[in-house]
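# Quick one: sequence and predicted model below, then my questions.
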Amino acid sequence: MHAAKNVAASAKEKIHNLGAKGEEKRDGAKISAEEKVGKAQAHGEMEEQQVKAEKHMKQAEAIRAKEEKKAANEAEKHMAKDNLAQKKAAASHAYENPNVVPEGAYPNA
């Protein structure tokens with residue numbers, strides 16, 4: 001069961017990373033379209049260069065956002081695995097020591 005939960009955490013991370021990559025691709029297409037419109041509306045070489053610079057800045061921002069999401073997804077996966085390991089250790093301790101009640105198990109007692 002624990003192995004299945006680890007696999008589920010990894011699969012969840014992969015799905016979220018695919019979503020982040022899809023968002024980055026969508027943003028990239030939007031940025032390219034905006035660049036084409038900007039170039040068509042530009043009145044001279046300077047404005048075209050400015051449009052290109054804006055495109056590169058927006059692309060860098062989209063890539064940065066994707067990397068941040070991937071890092072957050074990885075941290076979430078590791079947190080889930082750590083929680084699972086803690087639960088497994090607590091269950092093992094409870095099994096080995098059936099007469100020991102963990103502190104805080106009965107808060108109203």
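On my side now, so go ahead.

# could you pull out the strands for the protein?
When assigned using DSSP state E, the chain turns out to have no strands.

# so where is it shaky, pLDDT-wise?
Scanning the chain for pLDDT under 70 picks out 1-2, 100-109.

# biggest helix in it by residues?
Taking DSSP state H as the criterion, the chain has its longest helix at helix 45-96.

# can you count the residues close to the closest residue to E76 other than its chain neighbours?
Nearest residue to E76 in three dimensions, chain neighbours excluded: E13, at 7.1 Å (Cβ to Cβ, 6 or more residues apart in numbering). C-betas here are computed from N, CA, C, even on glycine. Burial of E13, expressed as a neighbour count using other Cβ atoms under 10 Å, amounts to 19.

# Contacts only, for E13.
For E13, the contact set (Cβ atoms under 8 Å, 6 or more residues apart in numbering) comprises 73-74, 76-77.

# Please repeat the previous calculation with a cut-off of 10 Å.
70, 72-78, 80 (Cβ atoms under 10 Å, 6 or more residues apart in numbering).
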